[in-house]
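A.B. asks: Quick one, what's the 3D model for this:
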Amino acid sequence: MATPVEADLLPEDEPERGPLRRCLVTREEIPREEGLRFVVGPERRLVFDAAATLPGRGLWLSARADVLHQAIRRGVFARAAKGQVVLPPDLLAEVRAALSRRIAEQLGLARRGGVAISGFEKAREWLQPGKAGLVVQAADGSPEERARFLGGRNIPVAVVLNAAALGKIFGREHTVHVVVAPGRLARMIEIEARRLQGVAVDEASGQ
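C.D. replies: Have a look, this model is predicted:
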């Protein structure tokens with residue numbers, strides 16, 4: 001139960017503790033790992049804190065392109081930070097790029113740790129109960145081929161990076177199918193993929 005002091009705080013002023021954060025636009029509480037955290041850096045520039053580790057007071061949004069657009073249009077960051085905030089020219093593109101890098105880094109860790117495998121035939125060998133925690137497929141891969149690979153199996157799937165980006169991680173020219181073994185990295189990649197999917201579609205521009 002909130003103390004009298006906490007109860008009087010505006011949503012923007014809520015302390016950063018506990019597993020939930022409040023979105024500055026929707027006012028809804030969201031799990032910390034699923035939200036987008038921003039901080040005001042040097043020269044009052046807004047910085048997207050993809051890993052949620054930078055010092056400073058966090059400004060949180062739901063991982064949705066429309067929410068980010070509303071935050072920019074309504075001046076939410078400046079109001080929450082109680083002062084002028086300098087926004088990047090294309091904040092949405094910056095967020096997408098940062099999340100894409102995080103997924104690539106985590107897949108790289110999974111590959112080097114021997115808990116991720118790529119390629120249609122090799123990866124399909126991992127599509128067994130208890131051996132596959134997450135399937136990552138190229139966003140520009142054929143929908144028919146992606147479905148054929150899964151074969152109707154009920155396994156979490158992330159479709160976010162393109163075949164060239166996946167291939168680079170696994171030392172190939174391109175890769176469409178990756179399977180990650182159950183565990184912490186599979187869960188982290190799945191969460192990052194949900195965040196990226198949330199900001200991937202810009203309903204305002206259809207991109």
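A.B. asks: okay, and the helix or strand of this structure with the least pLDDT?
C.D. replies: The helix or strand of the chain with the lowest confidence, counting by mean pLDDT, DSSP states H and E, is helix 4-7 at a mean of 28.
A.B. asks: Listing partners with orientation, what would you give for the helix or strand following it?
C.D. replies: Counting by DSSP states H and E, the next helix or strand C-terminal to helix 4-7 is strand 20-22. Using DSSP bridges, the strands paired with strand 20-22 are strand 29-31 (antiparallel).
A.B. asks: next structured bit after the partner strand?
C.D. replies: Per DSSP H and E, strand 29-31 leads on to strand 36-40 as the next helix or strand towards the C-terminus.
A.B. asks: Other residues contacting that following strand?
C.D. replies: Strand 36-40 is contacted from outside by 21, 46-50, 52, 54-63, 68, 77, 81, 85, 95, 195, 199, using C-beta atoms under 8 Å, 6 or more residues apart in numbering. For glycine as for every other residue, the C-beta is placed from the backbone atoms N, C-alpha and C.
A.B. asks: Narrow these to those in helices?
C.D. replies: Leu68, Phe77, Ala81, Val95, Arg195, Val199 (DSSP state H).
A.B. asks: Which of those residues sits closest to Val178?
C.D. replies: Arg195 (18.2 Å; C-beta to C-beta).
A.B. asks: What residues does the closest one make contact with?
C.D. replies: Neighbouring residues of Arg195 by C-beta under 8 Å, 6+ apart: Glu34, Leu36, Ala63, Leu99.
A.B. asks: Please identify which pair of the ones in helices among the contacts of strand 36-40 lies farthest apart.
C.D. replies: Between any two of these, the greatest separation by C-beta to C-beta is 22.1 Å, found for Ala81 and Arg195.
A.B. asks: Take the ones in helices among the contacts of strand 36-40 and write them to a markdown table, including distance to Ala181 and pLDDT.
C.D. replies: Listed next are these as a markdown table, based on distance: C-beta to C-beta, whole Å; pLDDT from 0 to 100:
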| residue | distance to Ala181 | pLDDT |
| --- | --- | --- |
| Leu68 | 33 | 97 |
| Phe77 | 39 | 97 |
| Ala81 | 42 | 94 |
| Val95 | 28 | 98 |
| Arg195 | 22 | 97 |
| Val199 | 27 | 96 |
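A.B. asks: tell me, how many neighbours does Ile155 end up with?
C.D. replies: For Ile155, the neighbour count with other C-beta atoms under 10 Å is 16.
A.B. asks: Wasn't it part of a strand?
C.D. replies: No. With DSSP: H, G, I helix; E, B strand; the rest coil as the criterion, Ile155 is coil rather than part of a strand.
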